[in-house]
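Trainee: Predicted model and sequence follow; I will ask about them next.
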Amino acid sequence: MIAIIGIVIVFGAVIGGFLMEKGNIGVLLQPAELLIIAGASIGTLLVANPIHIIKGIVGGLLGVLKGSQLGKARYLSTLKMMYQFLNKVRKEGLLSVENDVEKPDASNIFKNYPEFLNDHSSRDFVCDTLRMAITGGVEPFDMDQMMELDMEVHHHDATEPISALSTTADALPGLGIVAAVLGVVITMGALGGPPEEIGHKVAAALVGTFLGILLCYGVVGPLAANMTKSADEHNGYLHVLRVLLLAFLKGAAPIIAVEMARRAIPAHHRPSFDEMEKGCKGQAAEPVAAAVA
C-alpha cells in the first residue's frame, strides 16, 4: 500500500508543479508517446528474459503493492511453530515428525500456520533440512553448509527478476528519446504548416523524453529497489530459520534454539523475550527463564 501512495505522490507532485506554472495538462496526454515507450520497454523485457523471470517480475511487483508480510507477527508465529515442532521432536524423537516433514500440508502443527505453508521456499527450506536430520549421518557443520547453499540459490533466484526490471528502468530514458525523435520526424514533415500545429507536435515529442525519465526514476526504478529490499528481507527470514535449526541440530533445547533465532531477527521486527516466551509457552515464564539461565 505504501508503494501505491509513493507513486501517487510522485505523479501528484510533478503534475501539481506543472499546473502551478500555468501548464496545460492536456499537452501531457500523449497516448502515442506512452504507447511507444511502454510497448518498447515491455518488448525488450520479453526479448531479454525467459518466462520464469517474467513471472518473477510480476510476482515481485504484486508483492510490493501488497506490502511486506514479514513483520513482528510473522516472526512470532514462526518461533511459536518451531518451538512446538522441536518440542515434539524432543519428547517423541525425530521419527515422530517424519510425516510432518514429508507431508507438511497434512501436518497437525504446520497446518495451523498457513502463512508458513504458503511460503513454499521457507517451507521447503525447513522440511528439507529436517528430512536430512531424520535420515541421519550428517554432521551439523555439513547441514549448515547445505542450508547456506540453499539460501544462496534462493537469493540468486529472487534477484534475477530485480536485475531484469532494473535494466528495463535504465532503458526507459533511451526509449523516451526514441519517442521524441519520432515526434521530431513528424514535426519536420509538418514544416510550412500553421505555427500552432508545429508547436503542438514539438510539445508532443518532448513529452516522450519526459515520460521516459519520469517512469525510470519515479516508478520502475523505485519498484525494483523495493523488490531488492523484499528479497533481502526474505533472505533474513531464512537466516533466522537456519540459526534455529542449526542450534537444535547441535543439541540445544527447543527454547534455547528459539531464543537464538529471536536474536537473529532484525531489530525493527524482533519481539521481546517476554513476547516470545508468552507466544511459545503462554504464561509459563519461570521454566523458560530457568532454561535460558
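Mentor: That came through, no problem. Small disclaimer: the values here were computed from a predicted structure and weren't measured.

Trainee: In the stretch 101-250 of the chain, what residue spans correspond to strands?
Mentor: Using DSSP state E, counting those that start in this stretch, the strands of the stretch 101-250 of the chain do not appear at all; there are none.

Trainee: so where's it shaky on pLDDT?
Mentor: Where the stretch 101-250 of the chain drops to pLDDT under 70, the residues are 190-193, 195-196.

Trainee: tally of neighbours for the residue lying closest to P266 once chain neighbours are set aside?
Mentor: Closest residue in space to P266, ignoring its immediate chain neighbours: G236 at 5.9 Å, by C-beta to C-beta, 6 or more residues apart in numbering. C-betas here are computed from N, CA, C, even on glycine. The burial count assigned to G236 is 16, neighbours taken as other C-beta atoms under 10 Å.

Trainee: if I look at G236, how far off is A264?
Mentor: When C-beta to C-beta, to the nearest Å is the yardstick, G236 and A264 sit 8 Å from each other.

Trainee: if we can go back for a sec, verify the stated contact: the residue nearest to P266 with R270.
Mentor: No - look at G236 against R270 with C-beta atoms under 8 Å: they stay out of range, at 11.1 Å.

Trainee: ranges for the helices of the stretch 51-200 of the chain?
Mentor: If you assign secondary structure with DSSP state H, counting those that start in this stretch, the helices in the stretch 51-200 of the chain sit at 51-66, 72-92, 98-102, 114-118, 120-135, 140-189, 195-215.

Trainee: Got phi/psi on Q69?
Mentor: phi -100, psi 0 (degrees, to the nearest 10).

Trainee: What number of residues are in the vicinity of it?
Mentor: The number of residues packed around Q69, counting by other C-beta under 10 Å, is 15.

Trainee: where does R270 land in three-state SS?
Mentor: Under DSSP: H, G, I helix; E, B strand; the rest coil, R270 falls in the coil class.

Trainee: For it, list the residues it contacts.
Mentor: K72, Y75, R262, R263 (C-beta atoms under 8 Å, 6 or more residues apart in numbering).

Trainee: between those, which is nearest V207?
Mentor: The shortest separation between V207 and any of the contacts of R270 is 45.2 Å, and it belongs to K72 (by C-beta to C-beta).

Trainee: Test my guess that that closest one contacts P271.
Mentor: Yes - taking C-beta under 8 Å as the contact criterion, K72 and P271 are neighbours in contact, 5.6 Å apart.

Trainee: Relative to the whole chain's centre, how far out is stretch 166-183?
Mentor: The gap between the average C-alpha position of stretch 166-183 and the chain average comes to 26 Å, counting by C-alpha atoms, centre = their mean, to the nearest Å.

Trainee: Please apply the same query to stretch 138-147.
Mentor: For stretch 138-147, the distance between its averaged C-alpha position and the chain's averaged C-alpha position is 27 Å (C-alpha atoms, centre = their mean).

Trainee: Tell me the buried residues in that stretch?
Mentor: Buried positions in stretch 138-147, judged by neighbour count with 16 or more other C-beta atoms under 10 Å: M143, D144, M147.

Trainee: from those residues, which is closest to H156?
Mentor: H156 has its nearest neighbour among those in M147, at 15.0 Å by C-beta to C-beta.

Trainee: Chain neighbours aside, what residue packs nearest to the closest one?
Mentor: The shortest distance from M147 to any residue other than its chain neighbours is 4.7 Å, reached at R242 (C-beta to C-beta, 6+ apart).
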